[in-house]
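Participant: model the structure of this input:
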Amino acid sequence: MLGLLPTASIEEINQSFKTKLSRLQAKNRDKPEKLVQDADMLYGAYRSAYLSKDGASEDEMLPLTITGPETMLNMFGITDLPHTSLKVQMSSQAQYKDGQLVKQESNKQETFVNKDGKKETRVYENGKLVKHTIDGKDMLK
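Facilitator: Model (predicted):
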């Protein structure tokens with residue numbers, strides 16, 4: 001899927017992944033479901049190729065980053081859009097050792113203007129709300 005020879009270096013694998021991902025992004029700009037599906041398959045191929053190299057460290061792998069229309073939010077389980085100015089940042093990371101899941105973390109930050117016209121921010125770590133502010137005022141206290 002990456003179009004590389006088995007002798008490709010880690011740098012060549014990274015560059016091929018970046019190039020293929022940007023092509024996928026451009027090609028499927030109007031088809032978010034296909035973009036997510038194809039990017040996931042591409043990342044699987046990248047992960048396999050990267051980890052097959054001697055000296056490859058999982059911690060140094062490139063992240064999968066996709067941008068697209070708001071309709072992509074539904075594919076990540078975000079269905080309630082409080083306002084069109086919603087900005088969401090999400091990251092998920094998993095560590096494997098000998099094929100077994102050792103550690104998995106996820107972070108999500110939502111920032112939007114609520115119905116009262118105030119800036120609201122929610123920060124989640126591993127699915128749990130850890131910070132909630134409205135106009136800079138802590139709402140969890």
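Participant: quick one: residue 93 is in a strand?
Facilitator: Yes: using DSSP: H, G, I helix; E, B strand; the rest coil, the assignment for residue 93 is a strand.
Participant: wait, it touches residue 125, no?
Facilitator: No: contact criterion C-beta atoms under 8 Å: residue 93 and residue 125 do not qualify, at 11.8 Å. Where C-beta positions appear, they are placed from N, C-alpha and C, glycine not excepted.
Participant: how many residues are close by residue 94?
Facilitator: Residues within reach of residue 94, counting by other C-beta atoms under 10 Å, total 11.
Participant: who's it bridged to?
Facilitator: Residue 94 has the following beta-bridge partners by DSSP bridges: residue 104.
Participant: could you check how far it is from residue 35?
Facilitator: Look at residue 94 and residue 35: by C-beta to C-beta, to the nearest Å, they are 22 Å apart.
Participant: all strands for this protein, in order.
Facilitator: Taking DSSP state E as the criterion, the chain contains strands spanning 87-97, 100-113, 119-125, 128-134, 137-138.
Participant: in the chain, where is pLDDT below threshold?
Facilitator: In the predicted model of the chain, residues 68-86 satisfy pLDDT under 70.
Participant: where do the helices sit along it?
Facilitator: Ranges of helices in the chain, per DSSP state H, are 10-27, 32-51, 72-75.
Participant: could you say what helices and strands the first one packs with?
Facilitator: The one in question is helix 10-27. Here helix 10-27 touches helix 32-51, going by 3 or more C-beta pairs under 8 Å, 6 or more residues apart in numbering; DSSP states H and E.
Participant: helices or strands up against the helix it packs on?
Facilitator: If you count contacts as 3+ C-beta pairs under 8 Å, 6+ apart, helix 32-51 packs onto helix 10-27, helix 72-75.
Participant: which positions within the longest one qualify as buried?
Facilitator: Buried residues in helix 10-27, counted by 16 or more other C-beta atoms under 10 Å: 10, 13, 14, 16, 17, 20, 21, 24, 25.
Participant: please apply the same query to stretch 31-51.
Facilitator: Neighbour counts over stretch 31-51 (16+ other C-beta under 10 Å) mark 32, 35, 36, 38, 39, 42, 43, 45, 46, 47, 49, 50 as buried.
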